[in-house]
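Chemist: What follows is a predicted protein model with its sequence.
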Amino acid sequence: MASHPVRLMHFDPRWRQEFEQTRSSILLSCEGRVVDVVHIGSTAISGLIARPTIDVLAGVNDVAMMESAALLIEGLNFRRDETPHWAREAIALFKPRYVTPDQPDPTHCVYLMQTSTPAWIQAVSIRDYLRQNTESALDFEEAKVRRWRDGEGDLQQYEADKAIFFAHLKDQIDAS
(Lines give C-alpha, C1' and ligand atoms only; values in the text may rest on other atoms or scores of the structure.)
Protein backbone atom coordinates (compact mmCIF):
# COMPACT_ATOMS: atom_id res chain seq x y z
CA MET A 1 0.00 0.00 0.00
CA ALA A 2 2.91 2.39 0.58
CA SER A 3 4.22 2.27 -3.01
CA HIS A 4 1.52 4.50 -4.52
CA PRO A 5 0.76 8.15 -3.79
CA VAL A 6 -1.91 9.25 -1.33
CA ARG A 7 -5.13 10.31 -3.03
CA LEU A 8 -7.20 13.20 -1.64
CA MET A 9 -10.77 14.08 -2.64
CA HIS A 10 -13.22 16.87 -1.94
CA PHE A 11 -15.89 16.02 0.61
CA ASP A 12 -18.45 13.51 -0.65
CA PRO A 13 -21.83 13.49 1.14
CA ARG A 14 -22.11 9.76 0.35
CA TRP A 15 -19.40 9.10 2.95
CA ARG A 16 -22.02 9.44 5.71
CA GLN A 17 -24.19 6.80 4.03
CA GLU A 18 -21.14 4.53 3.59
CA PHE A 19 -20.46 4.86 7.31
CA GLU A 20 -24.09 4.13 8.24
CA GLN A 21 -24.07 0.97 6.11
CA THR A 22 -20.80 -0.13 7.68
CA ARG A 23 -22.09 0.65 11.17
CA SER A 24 -25.24 -1.36 10.59
CA SER A 25 -23.32 -4.33 9.16
CA ILE A 26 -20.87 -4.42 12.06
CA LEU A 27 -23.53 -4.16 14.75
CA LEU A 28 -25.67 -6.85 13.12
CA SER A 29 -22.85 -9.28 12.39
CA CYS A 30 -21.17 -8.93 15.78
CA GLU A 31 -24.29 -10.02 17.66
CA GLY A 32 -23.84 -7.70 20.65
CA ARG A 33 -20.07 -8.04 20.98
CA VAL A 34 -19.62 -4.57 19.47
CA VAL A 35 -21.59 -2.02 21.48
CA ASP A 36 -20.76 1.21 19.63
CA VAL A 37 -19.62 2.18 16.13
CA VAL A 38 -18.38 5.73 15.50
CA HIS A 39 -17.34 7.58 12.32
CA ILE A 40 -13.98 9.36 12.73
CA GLY A 41 -11.39 10.92 10.47
CA SER A 42 -11.75 13.59 7.80
CA THR A 43 -14.63 11.80 6.04
CA ALA A 44 -16.64 12.36 9.25
CA ILE A 45 -16.27 16.15 9.05
CA SER A 46 -18.52 17.85 6.49
CA GLY A 47 -16.70 19.85 3.86
CA LEU A 48 -13.14 18.63 4.45
CA ILE A 49 -10.85 17.30 1.78
CA ALA A 50 -9.97 13.72 2.75
CA ARG A 51 -8.52 10.44 1.68
CA PRO A 52 -11.57 8.53 0.42
CA THR A 53 -11.40 6.00 3.26
CA ILE A 54 -14.17 5.67 5.83
CA ASP A 55 -12.48 5.45 9.27
CA VAL A 56 -14.55 3.71 11.92
CA LEU A 57 -14.17 2.94 15.61
CA ALA A 58 -15.92 -0.27 16.64
CA GLY A 59 -16.13 -0.55 20.41
CA VAL A 60 -16.43 -3.45 22.80
CA ASN A 61 -16.98 -3.17 26.54
CA ASP A 62 -14.93 -6.26 27.32
CA VAL A 63 -11.49 -6.83 25.79
CA ALA A 64 -12.27 -10.58 25.82
CA MET A 65 -14.81 -9.90 23.03
CA MET A 66 -12.27 -8.37 20.65
CA GLU A 67 -11.01 -11.52 18.96
CA SER A 68 -14.44 -12.99 18.26
CA ALA A 69 -15.72 -9.60 17.06
CA ALA A 70 -12.68 -9.25 14.77
CA LEU A 71 -13.42 -12.63 13.20
CA LEU A 72 -17.01 -11.60 12.55
CA ILE A 73 -15.90 -8.28 11.00
CA GLU A 74 -13.45 -10.18 8.80
CA GLY A 75 -16.50 -12.04 7.51
CA LEU A 76 -17.72 -8.71 6.10
CA ASN A 77 -14.82 -8.75 3.60
CA PHE A 78 -12.34 -7.01 5.89
CA ARG A 79 -8.71 -8.05 6.40
CA ARG A 80 -6.47 -7.48 9.37
CA ASP A 81 -3.58 -5.16 8.89
CA GLU A 82 -0.91 -3.38 10.88
CA THR A 83 -2.36 -1.27 13.65
CA PRO A 84 -1.30 2.40 13.59
CA HIS A 85 0.64 3.78 16.52
CA TRP A 86 -2.24 5.94 17.78
CA ALA A 87 -4.47 2.86 18.15
CA ARG A 88 -2.01 0.26 19.40
CA GLU A 89 -4.67 -1.35 21.65
CA ALA A 90 -6.88 -1.93 18.59
CA ILE A 91 -7.27 -4.59 15.96
CA ALA A 92 -7.14 -2.84 12.57
CA LEU A 93 -9.36 -4.24 9.82
CA PHE A 94 -9.32 -2.87 6.28
CA LYS A 95 -11.67 -3.28 3.35
CA PRO A 96 -11.40 -4.49 0.66
CA ARG A 97 -9.85 -7.75 1.74
CA TYR A 98 -7.57 -7.86 -1.33
CA VAL A 99 -5.45 -4.97 -2.55
CA THR A 100 -5.27 -4.73 -6.34
CA PRO A 101 -3.69 -2.23 -8.75
CA ASP A 102 -7.19 -0.91 -9.43
CA GLN A 103 -7.98 -0.63 -5.69
CA PRO A 104 -4.69 -0.02 -3.83
CA ASP A 105 -6.27 1.91 -0.95
CA PRO A 106 -8.71 0.63 1.61
CA THR A 107 -12.23 1.97 1.25
CA HIS A 108 -12.90 1.39 4.97
CA CYS A 109 -10.71 1.10 8.07
CA VAL A 110 -12.21 -0.30 11.26
CA TYR A 111 -10.31 0.08 14.51
CA LEU A 112 -11.75 -2.44 16.97
CA MET A 113 -11.02 -1.53 20.59
CA GLN A 114 -12.51 -1.06 24.02
CA THR A 115 -14.66 2.05 24.22
CA SER A 116 -12.93 3.22 27.39
CA THR A 117 -9.40 3.37 25.96
CA PRO A 118 -7.50 6.65 25.64
CA ALA A 119 -7.29 6.10 21.86
CA TRP A 120 -11.11 5.87 21.58
CA ILE A 121 -11.65 8.96 23.73
CA GLN A 122 -8.99 10.95 21.86
CA ALA A 123 -10.26 10.02 18.37
CA VAL A 124 -13.82 10.99 19.25
CA SER A 125 -12.74 14.22 20.96
CA ILE A 126 -10.64 15.28 17.94
CA ARG A 127 -13.55 14.57 15.59
CA ASP A 128 -15.97 16.51 17.80
CA TYR A 129 -13.54 19.42 18.18
CA LEU A 130 -13.06 19.70 14.40
CA ARG A 131 -16.82 19.48 13.82
CA GLN A 132 -17.42 22.31 16.29
CA ASN A 133 -14.45 24.53 15.37
CA THR A 134 -14.61 25.40 11.69
CA GLU A 135 -11.44 27.49 11.81
CA SER A 136 -9.41 24.60 13.24
CA ALA A 137 -10.93 22.22 10.70
CA LEU A 138 -9.93 24.52 7.85
CA ASP A 139 -6.42 24.91 9.32
CA PHE A 140 -6.19 21.11 9.42
CA GLU A 141 -7.35 20.85 5.82
CA GLU A 142 -4.87 23.48 4.63
CA ALA A 143 -1.99 21.85 6.51
CA LYS A 144 -2.95 18.42 5.21
CA VAL A 145 -3.11 19.55 1.57
CA ARG A 146 0.14 21.54 1.89
CA ARG A 147 1.98 18.57 3.41
CA TRP A 148 0.49 16.27 0.78
CA ARG A 149 1.85 18.54 -1.98
CA ASP A 150 5.23 19.01 -0.29
CA GLY A 151 5.60 15.25 0.20
CA GLU A 152 4.41 14.53 -3.34
CA GLY A 153 1.71 12.25 -1.94
CA ASP A 154 4.14 9.97 -0.08
CA LEU A 155 2.10 7.91 2.40
CA GLN A 156 4.68 7.75 5.21
CA GLN A 157 5.39 11.48 5.02
CA TYR A 158 1.68 12.28 4.86
CA GLU A 159 0.92 10.14 7.92
CA ALA A 160 3.88 11.56 9.87
CA ASP A 161 2.82 15.13 9.11
CA LYS A 162 -0.78 14.40 10.15
CA ALA A 163 0.46 12.89 13.42
CA ILE A 164 2.27 16.15 14.24
CA PHE A 165 -0.87 18.18 13.53
CA PHE A 166 -2.97 15.83 15.70
CA ALA A 167 -0.47 16.15 18.56
CA HIS A 168 -0.82 19.95 18.44
CA LEU A 169 -4.58 19.64 18.16
CA LYS A 170 -4.71 17.33 21.19
CA ASP A 171 -2.77 19.97 23.15
CA GLN A 172 -5.34 22.60 22.07
CA ILE A 173 -8.23 20.38 23.12
CA ASP A 174 -6.61 19.59 26.50
CA ALA A 175 -6.02 23.31 27.11
CA SER A 176 -9.62 24.26 26.41
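Modeler: Perfect, thanks for sending it.
Chemist: contact partners of the helix ranked longest in the chain?
Modeler: Longest helix in the chain, counting residues (DSSP state H): helix 155-175. With contact meaning C-beta atoms under 8 Å, 6 or more residues apart in numbering, helix 155-175 is reached by 1-2, 4-6, 84-86, 122, 125-126, 129-130, 136, 140, 143-144, 147-148, 150-151. Glycine gets a C-beta too; all of them are placed from N, C-alpha and C.
Chemist: Could you tell me which residues within that helix count as buried?
Modeler: Under the neighbour-count criterion of 16 or more other C-beta atoms under 10 Å, helix 155-175 has Leu155, Tyr158, Glu159, Asp161, Lys162, Leu169, Ile173 buried.
Chemist: hmm, back to that, among the contacts of helix 155-175, which lie within helices?
Modeler: Judged by DSSP H, the subset of the contacts of helix 155-175 located in helices is Gln122, Ser125, Ile126, Tyr129, Leu130, Ser136, Phe140, Ala143, Lys144, Arg147, Trp148, Asp150.
Chemist: in the chain, which spans are strands?
Modeler: 36-40, 54-60, 79-81, 91-95, 108-114 (DSSP state E).
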